[in-house]
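Q: no sequence on this one, just coordinates:
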């Protein structure tokens, strides 16, 4: 038991917590059991706002301008969440202002439909360049252990 507690302590020593305001403009159709892996994969992008933007300006532009672009141009995306960071713990946690979660129903859908066209890729890249100063991206799998439904 002591070894297990030591391992958990080591893993959480560098853990960070973000309190967020979440929007979910697109939700996947859930038809699998709690505890089973969600089909496909998720792109998680943690972003810092452009230094020229206030938190309020960033949140509004991300919601009202970038969100609709993402919904239009990420052709195969079946789940989309935007989290505006309200607070981070500890205060030394990386300075992210937003966390986006883009879900795709399969690896193939991600590979072939991450962006539907060159025009869409350009529109997303140009908007992102005006909105964020830095981004960290990860590809993840999801397992919902228990749900409210």
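A: Nice, I can see it. None of these values were measured; they are calculated from a predicted model.
Q: Where does pLDDT dip in this protein?
A: For the chain, the stretches with pLDDT under 70 are 1-13, 149.
Q: Next, residue 16: phi, psi?
A: Dihedral pair for residue 16: phi -130, psi 150, per degrees, to the nearest 10.
Q: Helix, strand, or coil at the closest residue in space to it that isn't next to it in sequence?
A: Leaving aside its chain neighbours, residue 16 sits nearest to residue 93 (3.7 Å; criterion: CB to CB, 6 or more residues apart in numbering). Backbone N, C-alpha and C define where each C-beta goes, glycine included. Per DSSP: H, G, I helix; E, B strand; the rest coil, the local secondary structure of residue 93 is coil.
Q: Surely residue 93 is in contact with residue 14?
A: No - using CB atoms under 8 Å, residue 93 makes no contact with residue 14, being 9.7 Å away.
Q: Name the residue in those two with the higher neighbour count.
A: Ranked by neighbour count (other CB atoms under 10 Å), residue 93 and residue 14 place residue 93 first, with 15 against 7.
Q: List the residues that contact that one.
A: By CB atoms under 8 Å, 6 or more residues apart in numbering, the contact set of residue 93 is 16-18.
Q: Same question for residue 114.
A: Taking CB under 8 Å, 6+ apart, we find residue 114 in contact with 43, 74-76, 104.
Q: And it, how far from residue 70?
A: As for residue 114, its distance to residue 70 is 11 Å (criterion: CB to CB, to the nearest Å).
Q: Generate a markdown table for the contacts of residue 93, with neighbour count and distance to residue 37 as supplementary columns.
A: Output for the contacts of residue 93, formatted as a markdown table (neighbours: other CB atoms under 10 Å; distance: CB to CB, whole Å):
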| residue | neighbour count | distance to residue 37 |
| --- | --- | --- |
| 16 | 11 | 25 |
| 17 | 10 | 24 |
| 18 | 18 | 24 |
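Q: Check which helix or strand the spatially closest residue to residue 23 that is not a sequence neighbour maps to.
A: Counting by CB to CB, 6+ apart, residue 23 lies nearest to residue 82, which is 4.8 Å off, once chain neighbours are set aside. Assigned by DSSP states H and E, residue 82 falls within strand 79-89.
Q: Alright, that wraps it up for me.
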